[in-house]
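Trainee: with the input below, show me the fold.
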Amino acid sequence: MDRIPISGPWITQKEVDYVSDAAATAWYANHAKYHVRFEKAFAEYVGTKYAVSLPSCTSAIHLSLAALGVGPGDEVIVPDLTWIASSAPISYVGATPVFVDVDEATWCLSAEALEAAITPKTRAVIVVDLYGGMADYDAIRAVARQHGLAVIEDAAEAIGSEYKDRRAGSLGDTGTFSFHGSKTMTTGEGGMLVTDRDDIYERVMVLRDHGRQPGDTMFFNAEVGFKYKMSSLQAALGLAQLERIEELIARKRDIFQWYREELSDEPDMKWNHEPPGVKNTYWMVTLLLPPEWGIPKEALVDQLNRRDVDTRPFFHPLSSIPAYANAPSSTGAKERNPAAYRISPYGINLPCGLNMTRDMVGRVGRAVRESLNVLLPKTPSAMENREIRVNEGENSK
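Mentor: Predicted structure coming up:
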């Protein structure tokens, strides 16, 4: 049997044609033709005034912080349960990351934890739409307004997700996206920054291009900036993917539902949450094992790997990884951020690439049940009840 990958794109002839055209024609006076189309279409899709194509979501967060003037002596709040790309740009600008707890259901930033962590040094908060889910933005934005904080929405994993009919990326002072090869829509590598604020957009356009002011004397830079641009080939690929975005999102949601059906005989496991008023696009299909089963995520990942099923462990709390061993807010984080530390040890991402079929999901589901039968203790009554449910479910299929 072929190995099932954890994630990957859906590329059609449209993407091939657009990229081929960019390679043949997007030069000289036409060098930006796909950038212009992609950025305009992306801003319209998200519902913002501006969109700026970039090499990564990390660069978009970096530019957001730099354009807001965040720097040494400032603190930036970020959820403890996310990938390091959400927090690393805080260090790029010389500020201090402050890791706070997440909501137990959504796995996204807790508004209560945000408010409790604010100090006179706090300048901004980065809210992460984890795995396609959405935080309680009404509560978070209310806290941010009260304390004068900028809100950066890390929507890297959430293209097309919605909070009360507003699309992911449109809920902060800036929104940032990733088009990595694993994402729902891809440019191979790439990112986007969106905003409604004229001042941020104008500052970003200078900083992303080596500090060159609009209309300045050529090669006479006003300040030291960055080189953050996307190639025309990437922009062409992104435009084609964006024109198919509803199709891509529908497939992601189908894959999630297939898993819920396939593993419906495991009611004790928890899945990505979709509260009222939210549309979750399920970039990653994620399950949480009950802590009482005593199965660490690494053990299940290993068992599925033996069955040719690629998975990923749920993110580790940032405050627990070596990169932040000396960060001030890592001290005591386990006690301050109990939800993050309860969730992380028992979560895994299942294969959810856009190549997945219902039969492939069935194969993963069988591999999960086989793995659990190996890993679970055989004596507690709760485990015996689970085996009965599994056997009944198998007999009904």
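
Trainee: okay, CA-based contacts and neighbour counts for the rest of this
Mentor: Noted.

Trainee: list the buried residues of the host helix or strand of residue 38.
Mentor: Per DSSP states H and E, residue 38 falls inside helix 33-46. Buried residues in helix 33-46, counted by 16 or more other CA atoms under 10 Å: 33-36, 38-43, 46.

Trainee: okay if I get those residues as a markdown table plus pLDDT and distance to residue 140?
Mentor: As requested, the buried residues of helix 33-46 are exported to a markdown table (pLDDT from 0 to 100; distance: CA to CA, whole Å):
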| residue | pLDDT | distance to residue 140 |
| --- | --- | --- |
| 33 | 98 | 38 |
| 34 | 98 | 36 |
| 35 | 98 | 33 |
| 36 | 98 | 33 |
| 38 | 98 | 30 |
| 39 | 98 | 28 |
| 40 | 98 | 28 |
| 41 | 98 | 28 |
| 42 | 99 | 25 |
| 43 | 98 | 23 |
| 46 | 98 | 20 |
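
Trainee: okay, now the closest residue to residue 3 other than its chain neighbours: neighbour count?
Mentor: Take residue 3 and drop its neighbours on the chain: the residue closest to it by CA to CA, 6 or more residues apart in numbering is residue 308, 4.7 Å away. The tally of other residues near residue 308 (other CA atoms under 10 Å) stands at 15.

Trainee: residue 308 reaches residue 302, doesn't it?
Mentor: No - counting by CA atoms under 8 Å, residue 308 stays clear of residue 302, with 10.0 Å between them.

Trainee: hang on, the earlier thing: how about the helix holding residue 38 as PDB, C-alpha atoms only?
Mentor: Extracted in PDB, the C-alpha atoms of helix 33-46 (Å, rounded to 0.1, in the frame of the first residue of the first chain):
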ATOM      1  CA  LYS A  33       0.900  41.600 -13.700                       C
ATOM      2  CA  TYR A  34       0.200  38.500 -11.600                       C
ATOM      3  CA  HIS A  35       1.100  40.200  -8.400                       C
ATOM      4  CA  VAL A  36      -1.500  43.000  -9.100                       C
ATOM      5  CA  ARG A  37      -4.200  40.500 -10.000                       C
ATOM      6  CA  PHE A  38      -3.500  38.200  -7.000                       C
ATOM      7  CA  GLU A  39      -3.300  41.000  -4.400                       C
ATOM      8  CA  LYS A  40      -6.500  42.600  -5.700                       C
ATOM      9  CA  ALA A  41      -8.500  39.400  -5.800                       C
ATOM     10  CA  PHE A  42      -7.200  38.300  -2.300                       C
ATOM     11  CA  ALA A  43      -8.100  41.600  -0.700                       C
ATOM     12  CA  GLU A  44     -11.600  41.300  -2.200                       C
ATOM     13  CA  TYR A  45     -12.000  37.700  -1.000                       C
ATOM     14  CA  VAL A  46     -10.900  38.500   2.600                       C
END
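
Trainee: start the count at 43 instead of 1 going forward.
Mentor: Okay, residue one is now 43; in that scheme the one you just asked about reads as helix 75-88.

Trainee: so which elements touch that helix?
Mentor: Packed against helix 75-88 by the contact rule (3 or more CA pairs under 8 Å, 6 or more residues apart in numbering; DSSP states H and E) you find strand 92-96, helix 274-285.

Trainee: what sits up against that helix?
Mentor: For helix 75-88, the surrounding residues in contact (CA atoms under 8 Å, 6 or more residues apart in numbering) are 64, 68, 91-95, 202, 209-212, 236, 274, 277-278, 280-281, 284.

Trainee: redo that, cut-off 7 Å
Mentor: Residues from elsewhere that reach helix 75-88 (CA atoms under 7 Å, 6 or more residues apart in numbering): 68, 91-95, 209, 211-212, 236, 274, 277-278, 280-281.

Trainee: now those residues: which count as buried?
Mentor: Among the contacts of helix 75-88, the ones that count as buried by 16+ other CA under 10 Å are 68, 91-95, 209, 211-212, 236, 274, 277-278, 280-281.

Trainee: noted, bye for now.
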